[in-house]
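# this is the structure alone, sequence omitted:
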């Protein structure tokens, strides 16, 4: 007999009885499906505070051996500002404009410090893909998401609870969701890049691992100025995460599984260049979901006659982004 007193049994049964209405199976005309699915997803977005005129304050500047690192405070709304690092290659010539990337941190303890290689030690060196990007010649901006460096003034109220779930609970009381807030923050970061004399505004990409990959998925869907995306460590599905009670509350729009799942959201990026990365030893990603996702997203790119713009990289390690695959992909497409 079914265990009707278990919430995980309940949510699994509910999902089985009500599968997403707009899964992409490759049969429907892609442009028609994309328009309908994007419209459905857009209805799930919550209210946002109005953006204010761009104001950027430099908080500090550090000279490293091969790059310059600035800490910025960026006005987003009358109620919030974004803290971010900008990394500038030291070999920039006067008047030169470089391609730029948004480097999104995941659930690392030190956020953008780890992403940008600030005093990294041990395994964190594998997570310093912002540092790798600037050393490869890109201008980098690394936004700090709510709850991390510079935006963590509320954590004394969180205690031992999950800091992501706590802020999503609070935001949802007003109909907002933190995914939307981070999309808005990411757009403010891109505004900064577009004003910088060192940046070619037509050559902006993004990359991130884990929550960083998930955030860049959403940002790329809703921000056309991103010309190429690398998302690593995020090839798990919301359905699987719901059944394991494993996902934090700031990764999705509430209600997304009514219409589709992660493969469909990634498919909305087509035909813009997209690289998906996964580690064979990543315990947060189910191989069956990962492989099915490759098939769905690959079909979307084929329908757009853009197979060369989709890349899948399976590496032999765990929950990491591998720069040796991301770097050449971004250089090729930016």
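Sure, I can see it. Quick caveat: nothing in here was measured; it's all calculated off a predicted structure.

# use CA for all of it now, contacts and neighbours both
Fine.

# now stretch 42-58, how far from the chain's geometric center?
17 Å (C-alpha atoms, centre = their mean, to the nearest Å).

# could you give me the average pLDDT of it?
The pLDDT scores in stretch 42-58 average 97.

# so which bits of that stretch are buried?
For stretch 42-58, a neighbour-count test (16 or more other C-alpha atoms under 10 Å) marks 44-46 as buried.

# and stretch 115-133, by the same measure?
115-118, 120, 124-133.

# what's the end-to-end length of it?
Taking C-alpha to C-alpha, to the nearest Å, stretch 115-133 runs 10 Å from one end to the other.

# with stretch 119-135 instead?
16 Å.

# when you give positions from now on, start the count at 54
Shifting the count to begin at 54 puts that one at stretch 172-188.

# which residues are in contact with that stretch?
119-120, 140-142, 154, 156, 166-170, 192-193, 195, 373-376, 380 (C-alpha atoms under 8 Å, 6 or more residues apart in numbering).

# just checking, which of those belong to strands?
Within these, residues falling in strands by DSSP state E are 120, 140-142, 154, 156, 192-193, 195.

# all helices for the stretch 54-203 of the chain, in order.
In the stretch 54-203 of the chain, the helices defined using DSSP state H, counting those that start in this stretch lie at 60-70, 83-96, 165-168, 182-188.

# and for the longest one, what's in contact with it?
What that stands for is helix 83-96. Counting contacts by C-alpha under 8 Å, 6+ apart, the residues outside helix 83-96 that touch it are 75, 77, 306, 309, 312-313, 321, 353, 356-357.

# so which of those residues is the most crowded?
Neighbour counts for the contacts of helix 83-96, by other C-alpha atoms under 10 Å, peak at residue 353, which reaches 28 neighbours.

# what's the mean pLDDT across the host helix or strand of that one?
Per DSSP states H and E, residue 353 falls inside helix 340-356. Helix 340-356 carries an average pLDDT of 97.

# what of stretch 154-162?
Mean pLDDT, stretch 154-162: 96.

# who touches that stretch?
Stretch 154-162 is contacted by residues 164-165, 167-168, 182-183, 186, 191-197, 201, 239, 242-243, 257-266, 268-269 when judged by C-alpha under 8 Å, 6+ apart.

# now, of the residues you listed, which are buried?
If we count by 16+ other C-alpha under 10 Å, these have these buried: 164-165, 167-168, 182-183, 186, 191-197, 201, 239, 242-243, 257-266, 268-269.

# sorry, back to before: show me what the helix holding residue 353 is packed up against.
With contacts taken as 3 or more C-alpha pairs under 8 Å, 6 or more residues apart in numbering; DSSP states H and E, helix 340-356 sits against helix 315-320, strand 363-368.

# the same query, at a cut-off of 10 Å, please.
helix 83-96, helix 315-320, strand 327-332, strand 363-368 (3 or more C-alpha pairs under 10 Å, 6 or more residues apart in numbering; DSSP states H and E).

# which one of the ones you listed lies closest to residue 280?
Evaluated over the helices and strands packed on helix 340-356, closeness to residue 280 peaks at strand 327-332, with 9.0 Å, by C-alpha to C-alpha.

# what about this protein, any weak spots by pLDDT?
The chain contains residues with pLDDT under 70 at 54-55.

# if we use 80, what do you get?
Within the chain, the ranges that satisfy pLDDT under 80 run 54-56.

# can you give me the helices for the stretch 204-353 of the chain?
For the stretch 204-353 of the chain, applying DSSP H, counting those that start in this stretch gives helices covering 216-225, 231-248, 264-275, 291-296, 315-320, 340-356.

# can you redo those as a markdown table with distance to residue 385?
Converted to a markdown table, these look like this (distance: least, C-alpha to C-alpha, whole Å):
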| stretch | distance to residue 385 |
| --- | --- |
| helix 216-225 | 35 |
| helix 231-248 | 20 |
| helix 264-275 | 18 |
| helix 291-296 | 31 |
| helix 315-320 | 20 |
| helix 340-356 | 17 |
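
# just the ones you listed: most buried one?
Neighbour counts (mean count of other C-alpha atoms under 10 Å) averaged over each of the helices of the stretch 204-353 of the chain peak at helix 264-275, with a mean of 24.

# any idea how far residue 316 is from the residue lying closest to residue 369 once chain neighbours are set aside?
Excluding the flanking residues, the one nearest residue 369 by C-alpha to C-alpha, 6 or more residues apart in numbering is residue 333, at 5.0 Å. Separation of residue 333 from residue 316 (C-alpha to C-alpha) stands at 19 Å.

# thinking residue 293 is in contact with residue 299, fair?
Yes - at 8.4 Å, residue 293 counts as touching residue 299 under the criterion of C-alpha atoms under 10 Å.

# ok, back up a step: so which of the contacts of helix 83-96 comes closest to residue 278?
residue 321 (14.6 Å).

# out of the ones in strands among the contacts of stretch 172-188, the closest to residue 66 would be?
Minimum distance to residue 66 across the ones in strands among the contacts of stretch 172-188 is 37.9 Å, recorded for residue 156 (C-alpha to C-alpha).
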